[in-house]
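Undergrad: Turn this into a structure:
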Amino acid sequence: TMNVAKTMSSAFTLLTVGLAAGLPVGLAAGSALAQAPHLDLHLRPGEDRSEGSASFFMPLLTREGSLTFGEFRAYVEEEELFASAGFGHRLSLTDDIVAGGFVYFDYTQTDNNNDFSQTMVGVDVTNGMWELRGNYYKANTQQAKVGDVVFSAPRLDGNFVSREILQPREIALDGWDVEAAVRVGGIGDLDLRVAGGWYSFSESNAEDREGWRGRAELMSDDTWAFGLEVRDDDWYGTQTFAVLRLRLGGDPAAKGKARLLSRAVERRDGIVIADPSRTNPDRVGVQRYSFGLGGAAVGFGSVGQRIHFVAAGATNGAGTVDSPFNSVAAAATAAGTNELIHVREGTYTGNITLKDGQTLMGSAVALTVGNTVLVPAGNRPTLTATTGNVVTLGNDNTVTGFRIVAPAGTGDANRDQFAAIYGNNVRVGSITGNDLTGNTGTGGTSSVGVRLDNMAGVRGTRAQTRHFASNTTQIHFYASYDPGVG
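TA: Model (predicted):
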């Protein structure tokens, strides 16, 4: 109700101002209003949608062979109400041909309490037997917000997991229409007229609406008519409407030029507005995901935690999802504390040292955020080395989803000379879901899956070296030692 009242009030105010300005001009010119005001009623009941309009036509300035007029229209399409006010001028080009030009201001308030307006300019030319017309529609208000912001699904974006902050919106489309009409015969005193045309409305962030329409009507001069209209466009497909017209007032006896000068302006009523289901939302911001490394809060915010990507055989890049590193060592060097290194399937050289809080994730583990799988689980990447420890831990590291093969020992017998994963006086975060393998070397030496030395510096632990068997499936080690984990 508020929308309807505001729509009607705005257009009525515009028309009142226009008439108040136009009438003195006509009277000052010494002209009489030879044309009489009239009210045109149009109704188009359809199969799925119905439309209707009422327009009040007011002559402002009449001279021999010309007419300046004002018009107020109210238009209903389903439950949407539009109002418009406009001015036009028609004049005789020859004894038989009349041409005109018009400008209208249209207004509506949508169900989302958004105000939209547009300016329409048009021209027509006719001799009573045929008619050509064209109109252009330009939105004054292009778009407006609808409801609260929403978030896109998480996605990989460079070195981050990001989601977009999106504002749903409705958008008014700019467009044009053209139409040609011709009298093809008659039945008694009724003229049979057929018309056909094309219309096109578009805006870069909305679905285009383009299509054609055809109409056949039996008309009694301009006083009443009935017929059938068919339209087909991108939004609604093929639609069929009955067409009913009735004119109240005016001069029923008007003939010839007088009749052509005061005929109804044919145009598309209303404003073409795409609702949020037909528009791209406005991208108002981006949030990045934190995995909770180093005690950071888990979730999206303004600052996320970086992921450094590694792919075997790739041209060494910047470590982004689209330009990955080709070695784990390059990623470990580039990554800062509390950041994640994601390694795709392949075989890589190890001898890497992790910084505090880093996560080393192999592709055997799916990279997920909430219920969104960003990288599905695949085969394990393999880390190897010819000598030394393959992975050396810092504090609070996570290592998961790998096959890590420790090199064979050398020299004097030392049953655990090298390790697949090695830590010295560190807090261990999580070592889980890995295939860890040792090798036997010369002189009875060997290597192990996990070796942790000098743990006395870690609160609540014993002072001796900790050895864990190969093929470990899960180790959670923090300030305690569980001899049952192996």
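Undergrad: burial of residue 151, as a residue count?
TA: Residue 151: 12 surrounding residues under other Cβ atoms under 10 Å. No exception for glycine: its C-beta is placed from N, CA and C like everyone else's.
Undergrad: Going by neighbour count, which residues of stretch 238-245 are buried?
TA: Counting neighbours by 16 or more other Cβ atoms under 10 Å, one finds that the buried residues in stretch 238-245 are 239, 241, 243, 244, 245.
Undergrad: Same question for stretch 51-71.
TA: Neighbour counts using 16+ other Cβ under 10 Å place 51, 53-62, 67-71 of stretch 51-71 among the buried residues.
Undergrad: now stretch 378-386
TA: Here stretch 378-386 shows 380, 381, 382, 383, 384, 385 as buried, counting by 16+ other Cβ under 10 Å.
Undergrad: Next, the distance between the ends of it.
TA: 26 Å (Cα to Cα, to the nearest Å).
Undergrad: Next: stretch 360-372.
TA: Termini of stretch 360-372 sit 20 Å apart (Cα to Cα).
Undergrad: And it, what's buried?
TA: Going by 16+ other Cβ under 10 Å, stretch 360-372 has these buried residues: 360, 361, 362, 363, 364, 365, 367, 369.
Undergrad: Show me those residues that map onto strands.
TA: Counting by DSSP state E, the part of those found in strands is 360, 361, 362, 367, 369.
Undergrad: so where's this protein uncertain?
TA: For the chain, the stretches flagged by pLDDT under 70 are 1-34, 252-254, 411-416, 439-446, 455-486.
Undergrad: Contacts for the helix or strand containing residue 214, please.
TA: Taking DSSP states H and E as the criterion, residue 214 maps to strand 209-220. Residues outside strand 209-220 that contact it (Cβ atoms under 8 Å, 6 or more residues apart in numbering): 173, 175, 179, 181, 187, 189-202, 225-235, 243, 245, 272, 274.
Undergrad: Helices of the stretch 201-350 of the chain, residue ranges please.
TA: 256-261, 328-334 (DSSP state H, counting those that start in this stretch).
Undergrad: Looking at those, spot the one closest to residue 289.
TA: Nearest to residue 289 among those is helix 328-334 (18.6 Å), distances taken as Cβ to Cβ.
Undergrad: Give the other helices and strands that the closest one contacts.
TA: strand 307-310, strand 340-343, strand 347-349, strand 352-353 (3 or more Cβ pairs under 8 Å, 6 or more residues apart in numbering; DSSP states H and E).
Undergrad: and these as a markdown table, adding distance to residue 266?
TA: Below are those laid out as a markdown table (distance: least, Cβ to Cβ, whole Å):
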| stretch | distance to residue 266 |
| --- | --- |
| strand 307-310 | 60 |
| strand 340-343 | 63 |
| strand 347-349 | 73 |
| strand 352-353 | 76 |
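Undergrad: List only buried entries from the contacts of strand 209-220.
TA: By 16+ other Cβ under 10 Å, the contacts of strand 209-220 give 173, 175, 179, 181, 190-191, 193, 195, 197, 199-201, 225, 227, 229, 231, 233, 243, 245, 272, 274 as buried.
Undergrad: Which of those fall within strands?
TA: 175, 179, 181, 190-191, 193, 195, 197, 199-201, 225, 227, 229, 231, 233, 243, 245, 274.
Undergrad: hmm, back to that, what's the closest of the helices and strands packed on helix 328-334 to residue 129?
TA: It is, among the helices and strands packed on helix 328-334 and with distance given as Cβ to Cβ, strand 307-310, at 72.5 Å.
Undergrad: Could you give the number of residues near residue 298?
TA: So residue 298, with other Cβ under 10 Å, has 12 neighbours.
Undergrad: again with the one 10 residues further on
TA: Neighbours of residue 308 under the rule other Cβ under 10 Å: 25.
Undergrad: do you know which of the helices of the stretch 201-350 of the chain lies nearest residue 100?
TA: helix 256-261 (8.0 Å).
Undergrad: quick one: buried residues of the closest one?
TA: 257, 259, 260, 261.
Undergrad: and the closest residue to the first one other than its chain neighbours, what does it touch?
TA: Across the structure, with Cβ to Cβ, 6 or more residues apart in numbering as the measure, the residue nearest residue 257 apart from its sequence neighbours is residue 92 (5.7 Å). The contact partners of residue 92, taken as Cβ under 8 Å, 6+ apart, are 65, 66, 98, 257.
Undergrad: Correct me if wrong: the second one contacts residue 90.
TA: Yes - with contact defined as Cβ atoms under 8 Å, residue 66 reaches residue 90; the gap is 6.6 Å.
Undergrad: anything in contact with each of the two?
TA: Common contacts of residue 66 and residue 90 (Cβ under 8 Å, 6+ apart): residue 261.
Undergrad: Which single one of the ones in strands among the buried residues of stretch 360-372 is nearest to residue 418?
TA: Nearest to residue 418, judged by Cβ to Cβ, of those is residue 360 at 17.9 Å.
Undergrad: Okay, and the beta partners of the closest one?
TA: Judged by DSSP bridges, the bridge partners of residue 360 are residue 341, residue 399.
Undergrad: Contacts only, for it.
TA: So residue 360 contacts 328, 332, 341, 343, 354, 391, 397, 398, 399, 400, 402 (Cβ under 8 Å, 6+ apart).
Undergrad: Relative to residue 335, how far out is it?
TA: As defined by Cβ to Cβ, to the nearest Å, residue 360 lies at a distance of 9 Å from residue 335.
Undergrad: Now the common contact residues for these two.
TA: Between them, residue 360 and residue 335 share the contacting residues residue 341, judged by Cβ under 8 Å, 6+ apart.
Undergrad: hey, where'd the helices end up in the stretch 51-200 of the chain?
TA: Under DSSP H, counting those that start in this stretch, the stretch 51-200 of the chain gives no helices.
Undergrad: hang on, the earlier thing: now flag whichever of the ones in strands among the buried residues of stretch 360-372 is closest to residue 433.
TA: Closest approach between these and residue 433, by Cβ to Cβ: residue 362, at 8.3 Å.
Undergrad: ok, for the closest one, nearest residue in space, not its chain neighbours?
TA: In space, residue 362 is closest to residue 401, 3.2 Å off (Cβ to Cβ, 6+ apart).
Undergrad: From what I see, that neighbour and residue 375 are in contact.
TA: No - taking Cβ under 8 Å as the definition, residue 401 is not a contact partner of residue 375, at 10.6 Å.
Undergrad: Which one's more surrounded, those two?
TA: residue 401 (24 against 17).
Undergrad: where's the more buried one relative to residue 205, distance?
TA: Distance of residue 401 to residue 205, given as Cβ to Cβ: 41 Å.
Undergrad: Then residue 185?
TA: For residue 185, the distance to residue 205 equals 46 Å [Cβ to Cβ].
Undergrad: ditto for residue 141
TA: Distance from residue 141 to residue 205, by Cβ to Cβ: 14 Å.
Undergrad: Residue 64 now?
TA: 50 Å.
Undergrad: ok, residue 332 to residue 210 distance?
TA: Counting by Cβ to Cβ - residue 332 and residue 210 are separated by 55 Å.
Undergrad: Neighbour count: the two, which is higher?
TA: Between residue 332 and residue 210, residue 332 has the larger neighbour count (other Cβ under 10 Å), namely 23 against 15.
Undergrad: is the nearest residue to the more buried one once chain neighbours are set aside in a bridge, and if so with what?
TA: Excluding the flanking residues, the one nearest residue 332 by Cβ to Cβ, 6+ apart is residue 352, at 4.5 Å. Under the criterion DSSP bridges, residue 352 forms beta bridges with residue 391.
Undergrad: separation between residue 352 and residue 330?
TA: Residue 352 is 10 Å from residue 330, where distance means Cβ to Cβ.
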